[in-house]
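Chemist: Dropping the sequence and predicted coords here.
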Amino acid sequence: MRPFDVFRPAAFGALIVGALCIASAAPAAAQANECEKLAKLFENRAKTMQQLEGFKKKPPTADQACAIFGRLKDQNAAAMAEVERNGDWCHVPPDVLPNLKAQHAQIEDTRKGACTAAVQQRKQAEDAKKQGLLGGGDIIGGPIRLPQGAL
């Protein structure tokens, strides 16, 4: 498995489900609660990743990309914090946290690019509206393109 294969929802989900199955065998109720919380964080993160996979078929607007990468950034940060807190307790494989940290930097860079593009698109639309132009795109160079990194 390459380092960023866990970025794929299926591979990452299988990794976490396997780790949590081991954890669910433990009798302590506190452990089960903490591990369920961790599982829910990874489940929500996987759903967001699946939405990103859908962008391959239908590219998002800059505003949509900004919003989803912002949500993914928040989910990733929460998952990192929970793995740091309860990863050993919940038997999370040791390579999960370094992968989350590496992905966090990529997610943040992509989010910044998408949000910058969204701001530029809104500004251009406002400028075009003020000038009485229709379309809202850059008249000379066409519409602003989204960053293609993790999309």
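Modeler: Arrived safely. Given the structure is predicted, the values throughout are model-derived calculations rather than measurements.

Chemist: so P59 is in which element?
Modeler: Using DSSP states H and E, P59 sits in no helix or strand.

Chemist: what's the spacing between it and I68?
Modeler: In this view, P59 and I68 are 12 Å apart by Cβ to Cβ, to the nearest Å. From N, CA and C alone the C-beta is placed, and that goes for glycine too.

Chemist: can you list residues touching both of these two?
Modeler: Contact criterion Cβ atoms under 8 Å, 6 or more residues apart in numbering; residues shared by P59 and I68: none found.

Chemist: quick one: which of those two has more around it?
Modeler: I68 (21 against 14; other Cβ atoms under 10 Å).

Chemist: Sketch out the low-pLDDT regions of the chain for me.
Modeler: Low-confidence segments of the chain (pLDDT under 70): 1-31, 132-146, 149-151.

Chemist: quick one: the strands in it?
Modeler: Taking DSSP state E as the criterion, the chain contains no strands.

Chemist: so who does K101 touch?
Modeler: When contacts are counted by Cβ under 8 Å, 6+ apart, K101 touches M80.

Chemist: With the one 10 residues further on instead?
Modeler: When the contact criterion is Cβ under 8 Å, 6+ apart, the partners of R111 are 66, 69-70, 72-73.

Chemist: Next: A81.
Modeler: Contacts of A81 by Cβ under 8 Å, 6+ apart: none found.

Chemist: Next: the one 5 residues further on.
Modeler: Under the criterion of Cβ under 8 Å, 6+ apart, the contact partners of N86 comprise 34-35, 37-38, 92.

Chemist: Would you mind measuring from it to E126?
Modeler: Distance from N86 to E126, by Cβ to Cβ: 47 Å.
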